[in-house]
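Undergrad: Here you go, sequence then predicted model.
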Amino acid sequence: MDNKERVCIFIDGSNFYHSIRSCFDLHDSQIDFQKIIELLRKDRLLIGTHYYNAPLDRGYNKFIYGKQQKFFAELRKIPDFHIVLCNMRKTKRSDGTFEFAVKGDDIHIATDMLSSAYENKYDVAILVSGDGDFVPVIKKVQKLGKKVENAYFSISRSDYLKNTCSASILLDESLIKKCLKEKE
């Protein structure tokens, strides 16, 4: 019988994308997610990774939509990696440009994290996000006897979230450099 802690990773894809761009001027497609998963899970048993995002508007820019679909296809090749697609809200600004926002991702993350804790699917949840809105669900998960670790970027950090979690890891430049894809 393996006594390793069981780990589930929950990645807020939009938070990750915007943070990696702002902090390091990188695109998430330049990141080897398998390497990040390995660094976060350490020597623990990985149960699964859940990644939450929304498909872009195909009609708005077919090229960027195609790149995102290719990125999602690469992620799906990672063992036990689950992509949860949410909704993309498109709002027209007064100047005629559009603003896009991922909707529903936080509630999906919270629901999956809590239901998986309730069903005893993991011992440790690793939340990759800096969004303090997750604090209430983290407290509920902890009441079920689970640990929650927070992996975050300095630019999108919530001290409330970080201080509520059992442990935290800063996704800084040295860690991200270890997770870059090999140049072809």
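TA: Received it, and whenever you're ready, just let me know what you need.
Undergrad: Go ahead and confirm A117 touches K143.
TA: No. With the criterion set as CB atoms under 8 Å, A117 and K143 do not qualify as a contacting pair; they are 9.1 Å apart. From N, CA and C alone the C-beta is placed, and that goes for glycine too.
Undergrad: quick one: which of these two has more around it?
TA: Neighbours around A117 and K143, counted as other CB atoms under 10 Å, are more numerous at A117. The numbers are 23 against 9.
Undergrad: Helix or strand next in line after the helix or strand hosting the more buried one, which one?
TA: Assigned by DSSP states H and E, A117 belongs to helix 105-118. Following helix 105-118 in sequence order, the next helix or strand is strand 124-128 (DSSP H and E).
Undergrad: Give me the contact list for that following strand.
TA: Applying CB atoms under 8 Å, 6 or more residues apart in numbering, the external contacts of strand 124-128 come out as 5-12, 15-16, 36, 40-41, 44, 109, 113, 116-117, 134, 138, 141, 146-152, 161, 165-166, 171.
Undergrad: max-length strand in the protein?
TA: Of all the elements of type strand in the chain, the one with the most residues (DSSP state E) is strand 45-53.
Undergrad: Parallel or antiparallel, list what pairs with that strand.
TA: Within its sheet, strand 45-53 is paired with strand 6-12 (parallel), strand 81-85 (parallel), according to DSSP bridges.
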